[in-house]
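Undergrad: Build the 3D model from these lines:
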Amino acid sequence: MDPDRDFVVLTTPHIPLGLEEQLRREGATVERRELIRGMPGELDPYGSEQWKDQYSKLHVFNLTMYERILFLDSDMVINQPMQGIWEDQAAWPKSGLASTGGNNFDHPTPPLNDRDDFNGGFWLVRPSADLFETLLKVRGYNDWDKEQGLMNKFFNSKAQHPWEKLDHVWNVNYPNGADIDYGVHA
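TA: I've put the predicted structure just below:
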């Protein structure tokens, strides 16, 4: 962790309060938010609420007490310190979002960063209440991918709010030994 920055954990009401207290004791800043409901694809095709909290990640865009936030999904593994990401050339994204391009299992090292989609589990944002409200109104995306589909539609490079590309040294989907040797951080 970076001692100069808050480590923020976004939680929803189904997270036990005791767990939130444990996170605080360990140094995290806990931000509890309500579930974002009423979004396309909220229920899976079988009516399950397994992914009910996916859209709640969008609350990151409304944490306006911060100038920038690096969002990491809970399944992200950090291999090296992340402090340098704040100096990346894309670290002040005009559109409000920077990330690394999506890739597959058989990607080259480093990945080409030539895809238009980005990793929905790793992004750097400039929070804005207006941007948050705008995102909640986006429709017409692949709702199978929940918030990732929404964000990839809104921040599409061919749209009005193109996402900016961070260096792939910060994150790779499906990392392999060559990626670790290359120095991938997460």
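
Undergrad: helix or strand for L70, which one?
TA: strand 69-72 (DSSP states H and E).

Undergrad: pLDDT wise, what is M1 at?
TA: pLDDT recorded at M1 is 65.

Undergrad: Counting residues, which strand of the chain comes out longest?
TA: Once the chain is assigned using DSSP state E, the strand that runs over the most residues is strand 118-125.

Undergrad: Who are the packing partners of that one?
TA: Judged by 3 or more CB pairs under 8 Å, 6 or more residues apart in numbering; DSSP states H and E, strand 118-125 is in contact with strand 69-72, strand 97-101, helix 146-154. For glycine as for every other residue, the C-beta is placed from the backbone atoms N, C-alpha and C.

Undergrad: who's in contact with the strand holding L70?
TA: 8, 57, 60, 63, 78, 82, 85, 121-125, 127, 186 (CB atoms under 8 Å, 6 or more residues apart in numbering).

Undergrad: give me that answer again for 7 Å
TA: Residues from elsewhere that reach strand 69-72, judged by CB atoms under 7 Å, 6 or more residues apart in numbering: V8, K57, V60, L63, M82, I85, F122, W123, L124, V125, P127, A186.

Undergrad: ok, the fourth one - contacts?
TA: Neighbour list for L63: E31, I69, P127 [criterion: CB under 7 Å, 6+ apart].

Undergrad: so what's the residue nearest to D114 when sequence neighbours are not counted bridging to?
TA: For D114, ignoring the flanking residues on the chain, the nearest one in space by CB to CB, 6 or more residues apart in numbering is G101 at 6.7 Å. Note on G101: beta-bridge partners by DSSP bridges are F118.

Undergrad: G101 and H107 touch, don't they?
TA: No. With contact defined as CB atoms under 7 Å, G101 does not reach H107; the gap is 9.6 Å.

Undergrad: Give me the spatial nearest neighbour of T64, chain neighbours excluded.
TA: By the measure of CB to CB, 6+ apart, the closest residue to T64 outside its immediate chain neighbours is P127, 4.7 Å from it.

Undergrad: got the contact list for the one you found?
TA: Listed by CB under 7 Å, 6+ apart, the contact set of P127 reads V60, F61, N62, L63, T64, Y66, I69.

Undergrad: Would you show me how to pick out the buried ones of those residues in PyMOL?
TA: This is the PyMOL syntax for the buried subset of the contacts of P127, where burial follows 16 or more other CB atoms under 10 Å:
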select buried, resi 60+61+62+63+69
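
Undergrad: now, which of the contacts of P127 sits nearest Y182?
TA: Ranked by distance to Y182 (CB to CB), the contacts of P127 are led by I69 at 25.6 Å.

Undergrad: For E42, see how far away that closest one is.
TA: To E42, I69 is 24 Å away according to CB to CB, to the nearest Å.

Undergrad: From P111, how far out is the nearest residue to T109 once chain neighbours are set aside?
TA: Nearest residue to T109 in three dimensions, chain neighbours excluded: A178, at 4.0 Å (CB to CB, 6+ apart). Applying CB to CB, the value for A178 to P111 is 11 Å.
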